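K.L.:
Model the structure of this input:
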Amino acid sequence: MISANPLFHGVVPPVATPLTERYEVDFPSLTRNLENMIAAGMHGLFMLGSTGEVAFHDAATRQAILEHAVKVVNGRLPIFAGVIDPTTDRVIAHAKAAKSIGVDAIVVTSPFYARTSQGEIADHFRYVREAVDLPLIAYDIPVCVQYKLARPTTVALAREGTIAGVKDSSGDDGNFRFVLMDCADIAGFFMMTGSEILVDTALAMGAHGVVPGLANVDPHGYVRLWNAAQAGDWATARREQERLCRLFEMVFVASGRTSAGSAGVGAFKTAMRRLGIFATNRMCRPQQDLNADEAAQIDAILKTAGLLG
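P.N.:
Numbers count the residues shown, from 1 in each chain. Here you go, the predicted model:
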């Protein structure tokens, strides 16, 4: 059994944000998604991550999403809030708002758009942690922020207590393993993978949790995978992971016609519409929605994965 901070472990999906046809947040659909996640046995919920299209929502909309989530969840699971913006002071403002709403932790990326150094990135996390007394999770996602959170930076921030853990969406599994090893003696420090398709591998390395966007579509599958890994049943974990890999192939359906974000999150939203969780598959502008032909291909993938009759 993996030892971890009891608040920060297990399956913690980045919750997708449903929209109406008029590009407004669809709160009834959001409620269905949250309740579906809770019923499936999630260990926490990550609001306003990349799958939640955080960068497209203004401060007022972000606040409304967090307020709704905190009200619906009502303490049943810890809530992590993405407080993601290009600059330190904007992040601090989002973080203070999130704390006032009652979230359990904040999730922060490196600063982006402006070119920064590893030293400035480290200071960014320090400034946010000094300003807001909540556990801070470093979100390593170089594809979006242009910078990899370097191993020495991560370890230094962990050892000084600035960051409580890492959500790693870098795809650098070697670095992930080294940081796990480097920080193994830090009580309560945790590392979670953002991969959908290498969860069993990450757990075998000692990861404390997983943050898969595909869990919006099949939360039960990721709970089964987690439970099998915790029981040491790696054969079952591998079978479940491979089924989820086939399900994940939905993200390739619109690839080439749309952006990577539209193809990925748009596929999740399209699947969730088909499963009756979301009313639409609307994406934040200027991202494109998946079309009817692409939706039919996703239906076939859902059937193959056993999610549709």
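K.L.:
in this structure, which spans are helices?
P.N.:
For the chain, helices defined by DSSP state H occupy the ranges 27-40, 59-73, 88-101, 118-131, 142-145, 151-159, 173-182, 199-205, 219-230, 234-248, 260-274, 292-304.
K.L.:
Show me what the last one is in contact with.
P.N.:
Read that as helix 292-304. 217, 246-247, 249-250, 253-254, 257, 267, 270-271, 273-275, 281, 290, 308-309 (CB atoms under 8 Å, 6 or more residues apart in numbering). C-beta: built from backbone N, CA, C; applies to glycine.
K.L.:
hmm, which of these are the buried ones?
P.N.:
217, 247, 250, 253-254, 267, 270-271, 273-275, 281, 290 (16 or more other CB atoms under 10 Å).
K.L.:
now, of the helices of the chain, which is deepest in the fold?
P.N.:
Mean neighbour count (mean count of other CB atoms under 10 Å) peaks for helix 260-274 among the helices of the chain, with a mean of 23.
K.L.:
and the end-to-end length of stretch 272-280?
P.N.:
Counting by CA to CA, to the nearest Å, you get 9 Å between the two ends of stretch 272-280.
K.L.:
what number of residues lie near N291?
P.N.:
15 (other CB atoms under 10 Å).
K.L.:
Who are the contact partners of the closest residue to M250 other than its chain neighbours?
P.N.:
Spatial nearest neighbour of M250, excluding adjacent residues (CB to CB, 6 or more residues apart in numbering): A267 at 4.2 Å. Going by CB under 8 Å, 6+ apart, A267 touches 250-251, 253-254, 290, 294, 298.
K.L.:
could you dump the residues you listed to CSV with pLDDT and distance to M37?
P.N.:
CSV is the format used below for those (pLDDT from 0 to 100; distance: CB to CB, whole Å):
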residue, pLDDT, distance to M37
M250, 98, 19
V251, 98, 20
V253, 97, 24
A254, 97, 24
L290, 98, 22
E294, 98, 25
I298, 98, 20
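K.L.:
nearest to L48, of these?
P.N.:
Each of the contacts of A267 was checked against L48 using CB to CB; the closest is V251, at 20.4 Å.
K.L.:
Wait, the closest one touches S262, no?
P.N.:
No. The criterion here is CB atoms under 8 Å, and V251 misses it with S262 at 10.0 Å.
K.L.:
can I get the helices of the chain in a markdown table with distance to F80?
P.N.:
Listed next are the helices of the chain as a markdown table, based on distance: least, CB to CB, whole Å:
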| stretch | distance to F80 |
| --- | --- |
| helix 27-40 | 13 |
| helix 59-73 | 10 |
| helix 88-101 | 9 |
| helix 118-131 | 14 |
| helix 142-145 | 17 |
| helix 151-159 | 17 |
| helix 173-182 | 19 |
| helix 199-205 | 18 |
| helix 219-230 | 16 |
| helix 234-248 | 22 |
| helix 260-274 | 18 |
| helix 292-304 | 28 |
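K.L.:
Perfect, I'm done here.
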